[in-house]
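Peer 1: Kindly generate the corresponding structure for this input.
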Amino acid sequence: MNMIEIRDLTKVYRGKKESGNITAISQLDLVVAKGEVFGFLGPNGAGKSTTIKILAGLITATTGTASLRGIPVSESASRQHIGYLPENPSFYDFLTAREYLTFVGRSFSMREQDILGRSEHMLRLTGIYDASDRPIRSYSKGMVQRLGLAQTLLHDPDIYILDEPMSGLDPLGRALVKDILRDLKEKGKTIFFSTHITSDVETVCDRVGVIVGGKLLAVDHVESILRRGIEGYHVQIRSTGPVDEVFQGYAMREGAMGIKEIIVPKAMFREFLAKVSAMNVEIELIEPKRKNLESFFLEIVEKHAS
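Peer 2: Presented below is the predicted three-dimensional model:
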């Protein structure tokens, strides 16, 4: 069973007469499998949040269908097993974090003992335990984001739907979220999160979808994108004899402790290996030089704009 399934989804917002209607997403087709981490990548205003709000049951689609665990999102049962983090979480700010998590746990019909234990764990995990008895109104934006993550994790759902989960976080907070996502992946959870930051997708996602102007323009495995983006190799060799003449035509410089660093274009790599094998040299490192996911993303956005 696909944990998330979207078929021919379109959302049109009615605008004023002068501006006309606005199509936020158009004929979107997408499936996310059990245990998959899917990155929903796009520029601001691309339709990411609209898609997520439809999945979370906050707004309805104009046409098309969407389901979670095979249950249509129009049915409240579809939301029983999801953890949802909005782009800008907002809570009852007169409550403390501990009180708010108790409220969330009861909303999901958790046992009081489980609420207490899970709340303690989540407050420590997200780094807000020391402020857990303060009113939420006293929290910084980053602390509110951490609380949002805590309430998303509290009831241990099967599916996580996260809208810009690292928004407003400092580098420590961003690293924490990535660690949490990796841990959820190891537990077989399904994660669908939106972002416009390509490095977030590159480090934690199995697949990525690029949405621009409401249209899903590309879906691919992150590993495949990075493998196709290899442009050459950074090689470190150690040699007791002269090698400069042998490796003429390659970009080369002297490294530390007698190591020579060579940049080998992808098309010349086989020839390079043949030369190395015929010499008395020791290869210390071979590291691919590649385009990153940002290049892949920008190429798609630029093509759409042209």
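
Peer 1: my guess is Lys289 contacts Ile230, does it?
Peer 2: Yes - Lys289 lies in contact with Ile230 (Cβ atoms under 8 Å); the separation is 7.1 Å. (Glycine included, C-beta is placed from N, CA and C.)

Peer 1: show me where this structure has strands.
Peer 2: 2-13, 22-33, 37-41, 63-68, 71-72, 82-85, 159-163, 190-195, 207-212, 215-221, 230-239, 251-254, 259-265, 281-290 (DSSP state E).

Peer 1: could those strands be laid out in a markdown table, adding distance to Leu101 and mean pLDDT?
Peer 2: Putting those into a markdown table (distance: least, Cβ to Cβ, whole Å; pLDDT from 0 to 100) gives the following:
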| stretch | distance to Leu101 | mean pLDDT |
| --- | --- | --- |
| strand 2-13 | 25 | 95 |
| strand 22-33 | 27 | 95 |
| strand 37-41 | 25 | 95 |
| strand 63-68 | 23 | 96 |
| strand 71-72 | 26 | 96 |
| strand 82-85 | 13 | 96 |
| strand 159-163 | 17 | 96 |
| strand 190-195 | 21 | 94 |
| strand 207-212 | 32 | 94 |
| strand 215-221 | 35 | 93 |
| strand 230-239 | 46 | 82 |
| strand 251-254 | 55 | 79 |
| strand 259-265 | 52 | 84 |
| strand 281-290 | 42 | 82 |
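
Peer 1: Out of those strands, flag the one nearest Glu120.
Peer 2: Closest of those to Glu120 is strand 82-85, at 17.9 Å (criterion: Cβ to Cβ).

Peer 1: Given the closest one, what are its sheet partners and their directions?
Peer 2: strand 159-163 (parallel) (DSSP bridges).

Peer 1: ok, back up a step: and Ser109, which of the strands of the chain is closest to it?
Peer 2: Between Ser109 and those, the shortest separation by Cβ to Cβ is 14.6 Å, and it involves strand 82-85.

Peer 1: can I see the domain layout of the chain?
Peer 2: By the assignment in automatic domain parsing, the chain contains the domains 2-226, 231-290.

Peer 1: Return the most buried member of these.
Peer 2: Neighbour counts (mean count of other Cβ atoms under 10 Å) averaged over each of those peak at domain 2-226, with a mean of 18.

Peer 1: Could you tell me the end-to-end distance of that domain?
Peer 2: 25 Å (Cα to Cα, to the nearest Å).

Peer 1: Then stretch 51-61?
Peer 2: 9 Å.

Peer 1: what do you get for stretch 84-96?
Peer 2: 20 Å.

Peer 1: just stretch 82-92 next, same as before
Peer 2: Using Cα to Cα, the end-to-end distance of stretch 82-92 comes to 21 Å.

Peer 1: Make 756 the first number, not 1, from now on.
Peer 2: I'll keep to 756 as the first residue from here, and by that count the last item is stretch 837-847.

Peer 1: outside of it, which residues touch it?
Peer 2: Contacting residues not belonging to stretch 837-847 are listed as 804, 807, 810-811, 823, 855, 858, 891, 899-900, 902-904, 907-910, 912-920, 922, 949 [Cβ atoms under 8 Å, 6 or more residues apart in numbering].

Peer 1: Let's see the distance spanning stretch 933-947 from one end to the other.
Peer 2: End to end - Cα to Cα - stretch 933-947 spans 13 Å.

Peer 1: From Glu1000, how far off is Ala886?
Peer 2: Ala886 sits 65 Å away from Glu1000, going by Cβ to Cβ, to the nearest Å.

Peer 1: Equivalent analysis for Leu904, please.
Peer 2: 58 Å.
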